[in-house]
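> got a predicted model here, sequence first, then my questions.
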Number of protein chains: 2
Amino acid sequence: MDAKLITIGQQAKAAADQVALLDTTTKNKALLAMATALEEKQKQIIAANKEDLAAAVDMPKKFTDRLMINAQRITDMANGLRNVARLADPTAKIDKGWITADGLQILQRRVPLGVIGIIFEARPNVTVDATGLTFKSGNAVILRGGKEAIRTNTSLVNVLREALKAKHLPENAVQLVEDTSHEQAQKMMNMTDYIDVLIPRGGRGLIQRVVKTATVPVIETGAGNCHVYVDKDASLEMATNITVNAKVQRPSVCNAAEKLLVHRDVAAKYLPTLAKALTDHGVQLRGDEVAQEIVPGMQAATEKDWDTEYNDLIMAVKVVDSLDDAVSHINKHSTHHSEVIITDSLSRGQDFQRRINSACVYVNASTRFTDGGMFGFGAEIGISTQKLHARGPMGLDQLTTIKYEITGNGQVRH
Amino acid sequence: MDAKLITIGQQAKAAADQVALLDTTTKNKALLAMATALEEKQKQIIAANKEDLAAAVDMPKKFTDRLMINAQRITDMANGLRNVARLADPTAKIDKGWITADGLQILQRRVPLGVIGIIFEARPNVTVDATGLTFKSGNAVILRGGKEAIRTNTSLVNVLREALKAKHLPENAVQLVEDTSHEQAQKMMNMTDYIDVLIPRGGRGLIQRVVKTATVPVIETGAGNCHVYVDKDASLEMATNITVNAKVQRPSVCNAAEKLLVHRDVAAKYLPTLAKALTDHGVQLRGDEVAQEIVPGMQAATEKDWDTEYNDLIMAVKVVDSLDDAVSHINKHSTHHSEVIITDSLSRGQDFQRRINSACVYVNASTRFTDGGMFGFGAEIGISTQKLHARGPMGLDQLTTIKYEITGNGQVRH
């Protein structure tokens, strides 16, 4: 194990013990101080970012767009921290309390997870977002961002740490792994003695690598092969609006729809309208045989399409015989993120919601609402597609665990 | 991947989808039918058990005691199922619901995890207990018990499956892996496509093997290096009662205490009394230097002792300089199961409860209360020593996850 990483781990654990005991006011003041510090030090952050951008001159524009930091983006990051300061402190909650038959008082408290590792790509805003959310929930964070953003991330983390230090708070609550090699990331994923949970943030490749190789527990986020199912009792207008919104409003994100299933009874009537609306928005359609018959010129979908998350203006279309077929297809091919049925039938809507095995199951609304902000959580660290610990949008609460505090007056067990 | 195991996995998944939709009354009737069937078929179960016992004739008595089944034990197992039938159905709960700013109605429902794998040793009662708890919470279970109990387990599972079948319910909700080889267990631990969570039940060796090698998510249970800390403000009588109870009432279990820490200010006065009470109960003590000075003849504790879970009548004793020292020592060496401070100081009790990083932190009560039954959960599948998903005693609730059901009237995102 790498000596530098062990030091980071030990420092994080020590800081986590301290941060866990801070009261809400102290944490909020620190978040506001971090926000102010980012704005005050924006020149040095932007200068560091310019160096990263200069080194990334050969990268695609989409990549450098995400890497780039300017005054506005710094203000946005600072306001993000201010927003987190306004949210309820999850560790200020006692979930429940009761008295046992033996007269013990048991309180189920919310407590921080401890040390959270974030592995992400070249999006410097994750550095600040993750710091805000982990700190507010009483955790320490170890950040490992992509190598192309290392100068920016180093500058940001220095500013955040200085702000903590100035408040006499443990600066090691926020640490950056400066060696951005794959070997170092791999070692970080196995630091079971120092990291309580890893949350990878980024593309599918990154997340799968972490899930497959980490021995530290991982919360898997962001895989979204989302389905829109247009039922036979659907309004065509609503079906069109929701399908188009779910597909095109922001096609690169995990809650965008990738598949369109249409009930056989309405396929001939609805599919031409749906297809036209989608292609008018630049969507390339790939259909099964029946869909291709109904909409001539549609490309053929292959078996692989049903499992593919395009994150692009592509949508595969399938005509299904029944609600049962739709449910079976979705439960087989989905990444269990978000799915929607468009229907005016109460019983069929209920049936779909109960039987679909996904984090978020919609009736008559766009899958694009699967988001901590839209759900009213105030902020999110990601969208979990696993069943254990956290499922769906993860806000501050999901960065905590519980502890039972039991108080007696001498009870022993008989 | 083994064809037989894949079939078991596929059958479990299909059964899980069905069991998840059963209403509470149907599940309860099935549990009662399983209980009756066990009692009615007790002859064949006991006959199978006799064959297991005959084959295990060379095993230690402690082992065959656990393996043995008689009429009383069958009644106990049946009553266990009846008890689970009486408990609240965790999947009948809607945790919360709200309306978002966009007018979406969101319900956070409790839903089953899906397929639960249980890997355990030669205790046939686990077969019935685990079936009852997983079925009541709407899950399917794949059981893999120790090879010494295979005839008993096969007989039990056949009876339980027949009872389900007679009620026209999916018998594949309960399946046994009949090949008890290590290779097969290893394959089961990697069935990520079919098993949602693995819960190992048994000794430390078994649990560590599962935690270290499984790719299916594991809930780690049962490791208990529990500490009693006698503070300077403790009542000597209460300290003695609780220490003796925590150590000797059932030394083989995970919530029994393994370590005794005593504050320096009271060590000279308290330790002789505590040591005598423990040795009177047959406990072998191992002390640090100071403890050895105070109680002559006490064996020396080695560094390894502080990390050892004896599960036996052995206790290591350490004199600490302060509450801080006690907290540091415990957070470093504990398995984060259960710890207790004996004190009459409110502030010191609070301090200990907040700073100790364990699932259950007691003031003035025996650690032996860490138990689903004692906590009032009605039953337990184990005691989690991890922070993610479940922590502390795990009842029916911990065998579920959440699902968001979102209902709109055409909302799209802008």
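All right, it came through fine.
> what residues does A:A78 make contact with?
Shown in contact with A:A78 (C-beta atoms under 8 Å, 6 or more residues apart in numbering or on different chains): A:34-36, A:38-39. Every C-beta, even on glycine, is put in place using the N, C-alpha and C of the backbone.
> how about the helices in the stretch 51-200 of chain A?
A:61-67, A:71-86, A:125-136, A:150-166, A:182-188 (DSSP state H, counting those that start in this stretch).
> looking at those, which is buried most?
Mean neighbour count, computed with mean count of other C-beta atoms under 10 Å in any protein chain shown, is highest for helix A:125-136 among the helices of the stretch 51-200 of chain A, reaching a mean of 26.
> hmm, who's touching the lowest-mean-pLDDT helix or strand in chain A?
Least confident helix or strand, chain A: helix A:204-213 with a mean of 86, by mean pLDDT, DSSP states H and E. Helix A:204-213 is contacted from outside by A:119-121, A:186, A:189, A:198, A:200, A:218, A:220-223, A:309, using C-beta under 8 Å, 6+ apart.
> max pairwise distance over those residues: which two?
Farthest apart among the contacts of helix A:204-213 by C-beta to C-beta are A:Q186 and A:E309. That separation is 25.0 Å.
> so which of the helices of the stretch 51-200 of chain A is nearest B:P90?
helix A:125-136 (28.6 Å).
> and that closest one, what's its mean pLDDT?
In this model, helix A:125-136 has an average pLDDT of 97.
> before we move on, what about stretch A:56-76?
94.
> and that stretch, end to end?
23 Å (C-alpha to C-alpha, to the nearest Å).
> repeat that for stretch A:382-392.
8 Å.
> in the stretch 101-250 of chain A, what residue lies closest to chain B?
Distance from chain B to each residue of the stretch 101-250 of chain A (C-beta to the nearest C-beta) is smallest for A:N245, at 3.6 Å.
> quick one: that residue and B:R413 touch, right?
Yes - between A:N245 and B:R413 a contact is recorded at 6.1 Å, counting by C-beta atoms under 8 Å.
> these two: which has the busier surroundings?
A:N245 (24 against 18; other C-beta atoms under 10 Å in any protein chain shown).
> pull the contacting residues for the more buried one.
A:366, A:368, B:412-413.
> confirm that it sits in a helix.
Yes - with DSSP: H, G, I helix; E, B strand; the rest coil as the criterion, A:N245 is part of a helix.
> does the biggest strand by length in chain A reach chain B?
Scanning chain A for the longest strand, with DSSP state E as the assignment, gives strand A:400-411. Yes - interface with chain B: strand A:400-411 contributes A:401-411 (C-beta under 8 Å from any C-beta of the partner chain).
> closest to chain B among the residues you listed?
A:G408 (3.0 Å).
> ok and the residue in the stretch 251-400 of chain A nearest chain B?
Closest point on the stretch 251-400 of chain A to chain B, by C-beta to the nearest C-beta, is A:A365, at 3.0 Å.
> was I right about that residue contacting B:G410?
Yes - the criterion here is C-beta under 8 Å, and A:A365 meets it with B:G410 at 7.2 Å.
> find the residues that touch each one of these two.
When contacts are counted by C-beta under 8 Å, 6+ apart, A:A365 and B:G410 have A:I242 as shared neighbours.
> count the neighbours of the closest residue to A:D102 other than its chain neighbours for me.
Once flanking residues are discounted, A:D102 sits nearest to A:Q411: 5.2 Å by C-beta to C-beta, 6 or more residues apart in numbering or on different chains. When neighbours are counted by other C-beta under 10 Å, A:Q411 registers 23.
> A:K4 now?
Number of residues near A:K4 (other C-beta under 10 Å) recorded here: 13.
> same deal with A:T343?
Other residues close to A:T343 by other C-beta under 10 Å number 25.
> give the contact list for it.
Here A:T343 is in contact with A:231-234, A:349, A:352, A:363-364 (C-beta under 8 Å, 6+ apart).
> narrow those residues to those in strands?
Using DSSP E, the contacts of A:T343 in strands are A:363-364.
> okay, the contacts of A:T343 in JSON lines with distance to B:E148 next?
Shown next, in JSON lines, are the contacts of A:T343 (distance: C-beta to C-beta, whole Å):
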{"residue": "A:D231", "distance to B:E148": "53"}
{"residue": "A:K232", "distance to B:E148": "56"}
{"residue": "A:D233", "distance to B:E148": "57"}
{"residue": "A:A234", "distance to B:E148": "58"}
{"residue": "A:G349", "distance to B:E148": "51"}
{"residue": "A:F352", "distance to B:E148": "47"}
{"residue": "A:V363", "distance to B:E148": "52"}
{"residue": "A:N364", "distance to B:E148": "56"}
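> which of the contacts of A:T343 fall within helices?
Members of those lying in helices (criterion: DSSP state H): A:349, A:352.
> which single one of the contacts of A:T343 is nearest to B:C254?
Using C-beta to C-beta, those come closest to B:C254 at A:F352, 42.9 Å.
> next one: that closest one from B:K29, what distance?
27 Å (C-beta to C-beta, to the nearest Å).
> okay, these two: which has more neighbours?
The residue with more neighbours, out of A:F352 and B:K29, is A:F352; 25 against 14, by other C-beta under 10 Å.
> that one: what's it in contact with?
A:229, A:231, A:323, A:326-327, A:339, A:341, A:343, A:361, A:363.
> a markdown table for those residues, including pLDDT?
As requested, the contacts of A:F352 are exported to a markdown table (pLDDT from 0 to 100):
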| residue | pLDDT |
| --- | --- |
| A:Y229 | 98 |
| A:D231 | 98 |
| A:L323 | 98 |
| A:A326 | 98 |
| A:V327 | 98 |
| A:E339 | 98 |
| A:I341 | 98 |
| A:T343 | 98 |
| A:V361 | 98 |
| A:V363 | 98 |
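> residues from the stretch 251-400 of chain A in reach of chain B?
So the stretch 251-400 of chain A meets chain B at A:331, A:349, A:353-355, A:357-366, A:368-370, A:374-376, A:386-389, A:391-392 (C-beta under 8 Å from any C-beta).
> switch the cut-off to 7 Å
A:353-355, A:359-366, A:368-369, A:374-376, A:387-389, A:391-392 (C-beta under 7 Å from any C-beta of the partner chain).
> show me what the closest residue to A:G97 other than its chain neighbours bridges to in the sheet.
Excluding the flanking residues, the one nearest A:G97 by C-beta to C-beta, 6+ apart is A:L107, at 4.5 Å. A:L107 has the following beta-bridge partners by DSSP bridges: A:G97, A:E405.
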